[in-house]
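K.L.:
Kindly return the folded structure for what I paste below:
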Amino acid sequence: MFLTLCDHHGYPFGNERGHRAAAARKSDRDGMTEPSDASAPMRLPVTETANAFVAFLFAASAPVAIILSAGVRGGLSEADLASWIFAAFAVNGVLTIGMSAFYRQPLAFFWTIPGTVLVGTALQSLSFEEVIGAYLLTGLLLLVLGLTGWVRVAMARLPMPIVMGMVAGVFVRFGLDWIRAFETDFVLVAAMTATFFGLTALPGVRDRFPPMIGVLLVGLVILVSQDGGTAAGSGGPVFAAPHLYRPAFSLAAALELVVPLAITVIAAQNAQGIVILRQAGHAPPVSAITTACGGTSLITGLLGSVSTCLTGPSNAILVSSGKVARHWIAAVLLGGLAIVFGIFAPAVTNLLLATPAAFLSTLAGLALLRTLQAAFQTAFGPGFPLGALIAFLVTLAGVPVFNIGAPFWGLVFGVLASLVMEREAFGRR
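P.N.:
Residues are numbered from 1 along each chain as shown. So this is what the prediction gives:
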């Protein structure tokens, strides 16, 4: 499904020689790209529904656990956490539906996971109101960067292999979690894995019955047979009750959070999503995405949620199979699931957190397998192999510097390594 990028020779995001990059510039200029199959929305969205459901399971499991962990560590109440989760899903779900339907591309938006980790640390010394003030300032900064087009210019100068090295460093963890899951529940993981490869190896079957549907069904059957694998958590509130917070602006919060949060959105999250979508044959509008993240962050911030971003893993799952012209349908379905989850956040969170980790790890790992393969192929082709390797290793190490996540530093040190050791590759761009 994935096509090898024309700039595996080292062409950057926005280079004129790249067909998709040219399409991306057209997308930013014209507002949308034309689907290649005019009748695409008329067929039943079987594959798209499966991909949307897997992407939803990913977004609503481990990332939610990160929110809960950061919030509890920062002393937030259950009401604060419920409002955070409502905004992160429901508001961003509306944005996902609107952007994906307008641009006819899979543009799934959620929240910055590295930013959530930053906030968990900041809450040790800042009040929640000060953090919310920093959310609003970050939203304004993103809005300015998107409206001026500065982000598009900056991303056009980044060599694609180095960016894909960073993406590989992020996604390889999901592959490793899948492999490690064999130790936790061998029968469940082996059955789901065998189903995936069995269906994928049969082109006639694969085209009519998406492998991930089979993986889901087999996994659910085994969980039910294990009696309790999908049992819900203890009782509690069912509907979310979002709060509208009054922000407090402080220099300490601004210095600690605004620039790092903006960097995690642009360099650590949006960059992943954009390069994944381009790898799949789409032309994501960089400036519009940044603007949307900024504007939506102003809304989610007032409800207590960290900054909005274009998600990498969820978009990768949405484009993992099916026709390119129909990927946007999967994003719309994902947006709908996110809205429902936001409304029923307390109840559904208990249910998902009770699901075995091996099941979720296997779903995510198998869904992202092709994306990880494509990332390695592009990163370590001709052009910038050393820079891509440095970006991969720094990102994989996961060590934050100055409270800024490893994916950003993977890009920085990857580019620096190539400037020193692969200067001739920049000359060929």
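K.L.:
Below-threshold pLDDT in the stretch 1-150 of the chain: ranges please.
P.N.:
Within the stretch 1-150 of the chain, the ranges that satisfy pLDDT under 70 run 1-42, 62.
K.L.:
just the helices in it please.
P.N.:
19-30, 46-59, 62-73, 78-86, 92-103, 113-122, 128-148, 150-156 (DSSP state H, counting those that start in this stretch).
K.L.:
Likewise for the stretch 251-400 of the chain?
P.N.:
Using DSSP H, counting those that start in this stretch, the helices assigned to the stretch 251-400 of the chain run over residues 251-253, 259-263, 271-279, 286-302, 313-318, 327-343, 345-353, 357-367, 369-379, 385-397.
K.L.:
can you list these in CSV and add mean pLDDT and mean neighbour count?
P.N.:
Where C-beta positions appear, they are placed from N, C-alpha and C, glycine not excepted. Listed next are these as CSV, based on pLDDT from 0 to 100; neighbours: other C-beta atoms under 10 Å:
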stretch, mean pLDDT, mean neighbour count
helix 251-253, 85, 14
helix 259-263, 82, 24
helix 271-279, 90, 25
helix 286-302, 96, 24
helix 313-318, 90, 31
helix 327-343, 96, 24
helix 345-353, 67, 20
helix 357-367, 82, 25
helix 369-379, 84, 21
helix 385-397, 92, 23
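K.L.:
Now render these as JSON lines, adding distance to residue 103.
P.N.:
Below are those laid out as JSON lines (distance: least, C-beta to C-beta, whole Å):
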{"stretch": "helix 251-253", "distance to residue 103": "34"}
{"stretch": "helix 259-263", "distance to residue 103": "23"}
{"stretch": "helix 271-279", "distance to residue 103": "10"}
{"stretch": "helix 286-302", "distance to residue 103": "8"}
{"stretch": "helix 313-318", "distance to residue 103": "13"}
{"stretch": "helix 327-343", "distance to residue 103": "7"}
{"stretch": "helix 345-353", "distance to residue 103": "28"}
{"stretch": "helix 357-367", "distance to residue 103": "23"}
{"stretch": "helix 369-379", "distance to residue 103": "20"}
{"stretch": "helix 385-397", "distance to residue 103": "28"}
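K.L.:
Residue 173: neighbour count?
P.N.:
Here the number of neighbours of residue 173 (other C-beta atoms under 10 Å) works out to 18.
K.L.:
max-length helix in the protein?
P.N.:
Selection of the longest helix in the chain by residue count, based on DSSP state H, yields helix 160-184.
K.L.:
Taking their axis directions, it and helix 271-279 sit at what angle?
P.N.:
Note on geometry: by axes from the mean of the first three to the mean of the last three C-alpha atoms, to 10 degrees, helix 160-184 and helix 271-279 are set 100 degrees apart in direction.
K.L.:
Please identify the buried residues of helix 160-184?
P.N.:
Within helix 160-184, the residues that qualify as buried by neighbour count (16 or more other C-beta atoms under 10 Å) are 160-175, 177-178, 181-182.
K.L.:
so after that helix, what's the next helix or strand?
P.N.:
Once the chain leaves helix 160-184, the next helix or strand it forms, by DSSP states H and E, is helix 186-200.
K.L.:
That next one vs helix 160-184, what angle?
P.N.:
130 degrees.
K.L.:
From the chain's centroid, how far away is the longest helix of the chain?
P.N.:
Distance, stretch centre to chain centre, for helix 160-184: 13 Å (C-alpha atoms, centre = their mean, to the nearest Å).
K.L.:
Just want the angle from that helix to helix 357-367.
P.N.:
Computed by the same axes, to 10 degrees, the angle separating helix 160-184 from helix 357-367 equals 150 degrees.
K.L.:
Which strands or helices does helix 160-184 pack on?
P.N.:
Helices and strands in packing contact with helix 160-184 are listed as helix 186-200, helix 271-279, helix 313-318, helix 357-367, helix 369-379, helix 385-397, helix 406-421; criterion 3 or more C-beta pairs under 8 Å, 6 or more residues apart in numbering; DSSP states H and E.
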